[in-house]
Every structure is written in C-alpha cells, then in structure tokens.
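*Asks:* using only what follows, build the 3D model:
(chains A and B)
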Amino acid sequence: MLEALEGSQAIARAVAMCRPQVVAAYPITPQTHIVEGLSGLISSGTLSAQYISVESEFSAASVVMGASAAGSRSYTASAAQGILLMTEVLYNTAGLRIPTVMTVANRAVSAPLSIWNDHQDSMSVRDSGWIQLYCASNQEAVDTTIQAFFISEKTEIPVMVCVDGYTLTHTLEPVDLPAQEDVDAFLPPFRFRRTLDPGAPLTVGTLVSPDFFTEARYINHQAIENAKEIIREADDLFFGLTGRRSGALISQSGNPSGKTGVLVMGSVFGTLSDALASHDEKDQIRLLKLRSFRPFPNEELREAVRGLETLIVLDRSLSPGSGGGILGMEVRSALFGQKSAPRIINAVAGLGGRDLPLSLLGSLVNLSKSPDTPEFLFADIKRSRISEEIFPVKKTNHAEKSSWKNFP
Amino acid sequence: MEELPLSASLNLLREQQPRFTGLEAGHRACQGCGQALAARLVLEAAGPDVIVANATGCLEIFSSAWPESAWRTPWIHSLFENTAAVASGIEAAMRAQGKSTRVLAFAGDGGTFDIGFQALSGMLERNHSVLYVCFDNEAYMNTGVQRSGSTPHGAWTTTSPVGSKTRGKRHYKKDLLSIISAHRMPYAATASIAYPSDLRSKVRKALGEEGSTFILVHSPCPLGWGHESRLSVEIDRLAVETGLFPILEMDRGNVINVMPIRKKRPVIDYIRTQDRFRHLLEESEIAQEERDHLQALCDFNIERYGLMVGPEDDPSRLDTQSADTVTRGGERWA
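*Replies:* Residues are numbered from 1 along each chain as shown, chains lettered A, B, ... in the order given. Next up is the predicted model:
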C-alpha cells in the first residue's frame, strides 16, 4: 500500500522491519530524522532494540561494530562530518568483516561549511572496504535498506546505504513498505558464525605481520568482488517478494541503443528521467544509473556503455588536484583500453546542494555536441560569483618585505 | 612420581591451578611486565564467562600476534581510542540477547587518560555494565616511552626529556579517578600489582555491581621506567607506601575505602629505583626542589585520603592484604 512518507521516516520504518537489536544514534543534519524516527518506534514498543545515544559518530560506529561482533544485528546512520569522524572505525569494521548497515544521508564536507547534498562524504571513504549502494528514490531507499542487511550478513561486509540528504531524506514521496512477514521471510534472524562467545572463544583483531597481511587484504578484496553476485541475488529475491527491483549493480533506461549516455548516482536519476520524457532528442539518450559504487561493476559498466559515442558522467564529488571528479575517474579507469570505448565527459554539478534542475539533461547532452568540450568541467558554475574576496590571486602569505627579487 | 614429558607435566600443572587463566603463558611481554601480570590477575577473578574488548597497546600487541593468541576468553581489539564504545556495543548485544556474560574493557593509560577518554566518558554516562580496567604504566610504552596524561610530574620520557631547558614532564599526572568517579557510577578503584589479592577482590566487587565500574591498576614497565625486571612488584609497593599512588575505592563519587599505609616511606625511596627519575637525584637546587615537590604530592595524597593508620582506626581496615583463597569461575576450558 502506498503511503506518503518523508524519506527519513520511510527508512526508519524499513530499518525497524529488519528487527535490529542494537541501534547507535548521534544527531547530524540531514540524517537526524532517521534516528529520531527509530527512537520513536522503540519508545512506542513497535521495535524492541537497545537504543544507544552515543557521544560522537566515532562511538556510534564503534558501538555497532561491537554489537555485531557480539552477534546482534545493528544499525546506525550518519552524514558528512560524521562519516569522516567515523573513518578509522569504518576501515576497521570492514577489515574485520563485521556485518552492519549504515544509512549515509549524503551531504557535502566542510569547508566551506554546507549542510546540503552532494556525495563527498561517502566518496571520502570509498576505500574503507564497505559496500556502497546509492538510492535514486525513497522507494529504493526502503528496498535497499532491507536488502542491505541481507547482503551484509551474507557477505560479512558492512553496507552503506547512500541516500541524498534533503532531496530524499526530507522529501515526501509515495512509498510502499513491504509486509512485515515478507521482510521476515527475506531476512532470517542474524546468526554470526564468528561471534564473541565464551563457550568458543575467538581472538579478533590481532596484530598481523608482513607474513600474512597481504593475504588478509587479498581475502577482503576477493570478498567484496564476490559481493556483486550477492547484491544481484538480493535484488532478484526482493523482486520475487515485492515485484520491485532497485537496479542491482547498474541499470539503464531511455533508449538502449541511444548514442549519448548519461551516467549518474542517486536521486538526480529521477530528475533526469522526468526530463528525458519530454526531451526532443530522447531517442538518442541512454540513462545509466549506477547503484553499486563499491563493489564497482567494471564488467557490467562495459556492457552498459556498448555502442555509445559519448558518455557523460555526472559527478557529485570532487578530488581536488586529480583533474576530475571521483566517479568520473572510476568510470574512465573501468573503460580504459576498451575497444570502441565512448568519449567520456566528466561533469561536476550539484555540489553543496546546488539545485539540479530539469534543464540539466539538455545542458549535459549539449556538451557532447562540441568537440571542444573538455574532458572535465564544472557544469553549473556561476563564474560571476567568483569574487576577489574568495579568490585573492594578487595576495601572498609571505611577509611583505620578502620578494623574489631579493633572492640572488 | 612417574616421569612425564615436559609438555604433559606443564599441562598437568596448569590444569591443577585453582584459578581460571584467561591470559596464558607464552606471550611476548617483556620480563617483569606489570600489565601482563595485572591482566592475568583480573581475568583470574573475572573469567571465564566474559568478553574482553582491548585497546591498541602493549597488551594487545604481545598477546595476539597472528596466528597465535594468549587469550582463553573471547577477545576483540578494534582501535586505540574506541574500546569503551566497542565494549558498550558488546554489552548492549548481551542485553539484547538476554545473556549474563560480563564485558571487560582493557586499555593502557594512553588509551584511557588521553585518546580514549571521550568514549570512556560516554560509556560511563550511559552506565553500561562494563568493567573498564586501565593498566597504568604512566607513558606510551608501546611506541617507545612517550609522555601521556598519566606520566607523573618530573618523569623522563622521550617526549619529556631532561636537558638544560627541560627537566622531565612539566605537568601533573591527571587525577583520573576523581574525574571517572564524578560520573557517579557505582564503583571506581585503584589497585597495584604489588597487592594481587586486593586487585582480585576489587574485580569481584566491580563485577557484582550493575552499571559501569572502573579499576586503575598501577603497572610498572621495566623498560620505560628504567628498572630491573625482578623489581616490578617491589617498586610498585613503594609507589603505594610513599603515598604517590594511593589505593582507593569510590562509590558514586565518594571515597569509601583506602588501603592504609603501615609504614610511610619517603618518596626518594621510590624515585631512587627508576632511571626515569635519575635526574632528580642530582646534588642541585633544582633537583632538591623537585624532590620536595614530589614529597609534597605524596603528603597531600596521604592527608587527602587519610592513608595513615591512626589509633582510632578499626583494625578491619587493615584487611586489604589478607590472603585471598576464594576461587570464582575456577572451571577451566578444556
């Protein structure tokens, strides 16, 4: 049954349906409504779980790590600075192969301070070893959250469910929550085979010498590569249960033989889909929605871009000094050396919550029409807003008296 | 008696020990390591139905080099500064699963006084039923003897060196027990490896409480303090007898018991034993000033906590060193 739900409320109710036993919560905009929602569900008795209000995101990540290691299904949510504060724990959790699920309400990272949406936060921990799934709508956020517990517990790899802050978390959309019995059938109770149990003591988190370290990392690497199969399986099983798919690793819409591709992650897919419906050249456009950023579906991406002349990669994050956006670099790397690979244009847009309007599709597609379009560009920059004050090119940080002229 | 091969007789010996051995022999601690002794004593009293969360530090390193482990309890090491939070999560999981397994958190002074302090304060405020044990060797020993918030005033470390401009650590040792106890949790105590039965009884007392409990165990480090390995216990007893490290029990912020000093020793007897204080033994005005200063700290502790035995004292206060033969959780794992 469809209900009009704010993204955060829908996610909170989806999490509750997964029956987590330990929830760690620390407020940060724009995630806070999710843990508030869970707090309410526990308070009213809808969900029976230990709700731990921690003193930092660092401890939130540590609490769920400890709880999962001790055999309880656990959940937390965060965003932006919170994700960066957690970073050390995120690497540790993945390295120890402790299953847990976290919602990332994607937000820009300070400075400059911004509470609005882009993907810099989750991108900054792309190498932590977590699975990262990006959601295009509130319905996908609900479905992916439930699938995430399945994926995490089956792969023993923690999963980040990435939802765009405000655009999804604070927006009402019609959402269908699955029946509790369907979720229970999909997601059996958590039984962690490496749990901390005095009856069968394990030593977890040991010092590993150079003799074994490479092998341990190899196993981590193989495990997340193999998770692609589990992510597909979860989407298939969920389809059997609800009739809905969330797009497994990567999915496409528009004309499958269109020559111009636009690849995106997250909620901007909805905007571009709407724009596509009334676009003059819709027959030439193929929309690609990347759901699984980690593991990155190299093979599936190569298949999805087959026949494209131009691929425009829309980036919501930046790697300053690298010459590109982060998603753009990943896509280039995946397609490098491929026969008849498309021309790739990497466009950064929508940083720090800048609106991504319906007209975005047209301006992206137009980029493909000029041979002079650079490989990388800021698609929605307003150059008139760059003032002397924020870009003081004529000043230096050196003492007034010192000048290059004084050097022999 | 029938001759047994060495390994078999060692096994027999271990099996006949009355207490649970949570930290087995064969680990890689230095000779005379106070922390290794303290951790074994804590688990003797606490085990075997416990889960241990361990901070990064010497204890973690010497006990768990893959593929070997000295632990007979379930044990997890996550990071340096999150031990109290990991323990909180484990405790929450035990509650969620309706299990009575007790949760211990082990950390050194760097992981407790400094980098892990925020997570610890959060755990205490939320009153998780975790016994947090800090093995206090008064510096970052695992990284090679750097000053911590616990290093005593005047002590040499590699980052509080002795030279013409500096004379060891300038600042005071953080009064952690008062800070911990200000969280108004049910039990907080100090202990010393020189008094093992006292330490064991404190562990049992702490585990008898619902809610957060804390024990700070003074644990000599021969390498970092600069003394012979065989002197660890003796030196730690001097730390208590001089009043420099008072042995206390606190209940919701109030001192409830102290270990009385039978015969007060001057602080010079303690600092003379360790190279980290060697510069304080010089014949100079500044060294004399520092010695007087440390003695004043001891006298302050003695007065503040009433550590000297007076004629009005109940003789039962002297029982803290009584022989402890009570076994708890003595069943060993096969």
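
*Asks:* list the residues that contact the spatially closest residue to A:Arg97 that is not a sequence neighbour.
*Replies:* Closest residue to A:Arg97 apart from its sequence neighbours, by Cβ to Cβ, 6 or more residues apart in numbering or on different chains: A:Glu156 at 4.3 Å. Where C-beta positions appear, they are placed from N, C-alpha and C, glycine not excepted. Residues near A:Glu156 by Cβ atoms under 8 Å, 6 or more residues apart in numbering or on different chains: A:97-99, A:194, A:223.

*Asks:* show me what the longest helix seen in chain B is packed against.
*Replies:* Taking DSSP state H as the criterion, chain B has its longest helix at helix B:285-305. Packing partners of helix B:285-305 (3 or more Cβ pairs under 8 Å, 6 or more residues apart in numbering or on different chains; DSSP states H and E): helix B:267-271.

*Asks:* quick one: average pLDDT of the helix it packs on?
*Replies:* For helix B:267-271, mean pLDDT is 97.

*Asks:* mind checking the SS state of A:Ser370?
*Replies:* In three-state terms, and counting by DSSP: H, G, I helix; E, B strand; the rest coil, A:Ser370 is coil.

*Asks:* and the residue nearest the centre of chain B?
*Replies:* Most central in chain B under Cα atoms, centre = their mean is B:Val217, positioned 1.7 Å from the mean C-alpha point.

*Asks:* and the residue of the stretch 151-300 of chain B found nearest chain A, how many neighbours does it have?
*Replies:* Residue nearest to chain A within the stretch 151-300 of chain B: B:His183 (12.1 Å; Cβ to the nearest Cβ). B:His183 has 19 neighbours, counted by other Cβ atoms under 10 Å in any protein chain shown.

*Asks:* how much space separates the residue nearest to it when sequence neighbours are not counted from chain A?
*Replies:* Spatial nearest neighbour of B:His183, excluding adjacent residues (Cβ to Cβ, 6+ apart): B:Leu124 at 3.9 Å. Computed as Cβ to the nearest Cβ, to the nearest Å, the B:Leu124 to chain A distance reads 10 Å.

*Asks:* surely B:Leu124 is in a strand?
*Replies:* No. Under the criterion used here (three-state DSSP), B:Leu124 is helix, not part of a strand.

*Asks:* and it, what does it touch?
*Replies:* B:84, B:180, B:183, B:185, B:212, B:214.

*Asks:* narrow those to those in strands?
*Replies:* If you go by DSSP state E, the contacts of B:Leu124 have B:Phe214 in strands.

*Asks:* mind giving me a markdown table with the contacts of B:Leu124 and columns for distance to A:Gly325 and pLDDT?
*Replies:* Formatted as a markdown table, the contacts of B:Leu124 follow (distance: Cβ to Cβ, whole Å; pLDDT from 0 to 100):
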| residue | distance to A:Gly325 | pLDDT |
| --- | --- | --- |
| B:Ala84 | 39 | 98 |
| B:Ile180 | 48 | 96 |
| B:His183 | 47 | 96 |
| B:Met185 | 49 | 93 |
| B:Ser212 | 46 | 98 |
| B:Phe214 | 48 | 98 |
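
*Asks:* in the stretch 101-250 of chain B, which residue sits closest to chain A?
*Replies:* Closest point on the stretch 101-250 of chain B to chain A, by Cβ to the nearest Cβ, is B:Gly122, at 3.4 Å.

*Asks:* tally of neighbours for that residue?
*Replies:* By other Cβ under 10 Å, 23 other residues sit near B:Gly122.

*Asks:* one step back: just how off-centre is the longest helix of chain B within its chain?
*Replies:* Relative to its parent chain, helix B:285-305 has a centroid offset of 23 Å by Cα atoms, centre = their mean, to the nearest Å.

*Asks:* close to chain A, is the helix or strand hosting B:Ser88?
*Replies:* Secondary structure assigned from DSSP states H and E places B:Ser88 in helix B:83-96. Yes. Shown here: helix B:83-96 in contact with chain A (Cβ under 8 Å from any Cβ of the partner chain) through B:84-90, B:92-96.

*Asks:* isn't the residue of the stretch 151-300 of chain B closest to chain A right up against B:Ser121?
*Replies:* Yes. Contact status for B:His183 versus B:Ser121: in contact at 7.0 Å, counting by Cβ atoms under 8 Å.

*Asks:* any idea which element B:Ala107 lies in?
*Replies:* Counting by DSSP H and E, B:Ala107 is part of strand B:102-108.

*Asks:* and the following helix or strand past that strand, what other elements does it pack with?
*Replies:* Counting by DSSP H and E, the next helix or strand C-terminal to strand B:102-108 is helix B:109. Under the contact criterion of 3+ Cβ pairs under 8 Å, 6+ apart, helix B:109 touches strand B:130-136.

*Asks:* list the pairing partners of the strand it packs on within its sheet, with orientation.
*Replies:* strand B:102-108 (parallel), strand B:213-218 (parallel) (DSSP bridges).

*Asks:* distance between that strand and the chain's centre?
*Replies:* For strand B:130-136, the distance to the chain centre is 7 Å (Cα atoms, centre = their mean).

*Asks:* and A:Arg385, what pLDDT?
*Replies:* 89.

*Asks:* re the thing from before, Throw the contacts of B:Leu124 into TSV and include distance to A:Glu36, thanks.
*Replies:* Below are these laid out as TSV (distance: Cβ to Cβ, whole Å):
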residue	distance to A:Glu36
B:Ala84	25
B:Ile180	31
B:His183	26
B:Met185	28
B:Ser212	26
B:Phe214	32
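
*Asks:* and A:Leu311, that's in a helix?
*Replies:* No. Applying three-state DSSP, one finds A:Leu311 to be strand, outside a helix.

*Asks:* pLDDT averaged over the helix or strand that B:Leu12 is a member of - what is it?
*Replies:* Assigned by DSSP H and E, B:Leu12 belongs to helix B:6-16. In this model, helix B:6-16 has a mean pLDDT of 68.

*Asks:* next helix or strand past that helix?
*Replies:* Heading C-terminal from helix B:6-16 (DSSP H and E), you reach helix B:34-46.

*Asks:* B:Arg265 in helix, strand or coil?
*Replies:* Reduced to three states by three-state DSSP, B:Arg265 is coil.

*Asks:* thinking it is in contact with B:Val240, fair?
*Replies:* No. Using Cβ under 8 Å, B:Arg265 is not in contact with B:Val240, being 9.3 Å away.

*Asks:* more neighbours: those two, which one.
*Replies:* B:Val240 (23 against 17).

*Asks:* distance of the more buried one relative to A:Gly40?
*Replies:* To A:Gly40, B:Val240 is 52 Å away according to Cβ to Cβ, to the nearest Å.

*Asks:* residues contacting the closest residue in space to A:Thr145 that isn't next to it in sequence?
*Replies:* Spatial nearest neighbour of A:Thr145, chain neighbours left out: A:Ala14 (4.4 Å); criterion: Cβ to Cβ, 6+ apart. By Cβ under 8 Å, 6+ apart, A:Ala14 lies in contact with A:141-143, A:145-146, A:177.

*Asks:* next one: A:Arg13
*Replies:* A:5, A:37, A:41, A:142, A:177.

*Asks:* restrict the strand or helix carrying it to CA atoms and write it as PDB.
*Replies:* In this assignment (DSSP H and E), A:Arg13 forms part of helix A:7-17. Taking C-alpha atoms only, helix A:7-17 is exported to PDB below (Å, rounded to 0.1, in the frame of the first residue of the first chain):
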ATOM      1  CA  GLY A   7      12.400   9.600   3.200                       C
ATOM      2  CA  SER A   8      13.800   9.500   6.700                       C
ATOM      3  CA  GLN A   9      10.600   8.200   8.200                       C
ATOM      4  CA  ALA A  10      10.300   5.600   5.500                       C
ATOM      5  CA  ILE A  11      13.900   4.500   6.100                       C
ATOM      6  CA  ALA A  12      13.400   4.400   9.900                       C
ATOM      7  CA  ARG A  13      10.300   2.100   9.400                       C
ATOM      8  CA  ALA A  14      12.200  -0.100   6.900                       C
ATOM      9  CA  VAL A  15      15.100  -0.500   9.400                       C
ATOM     10  CA  ALA A  16      12.600  -1.400  12.200                       C
ATOM     11  CA  MET A  17      11.100  -4.100  10.000                       C
END
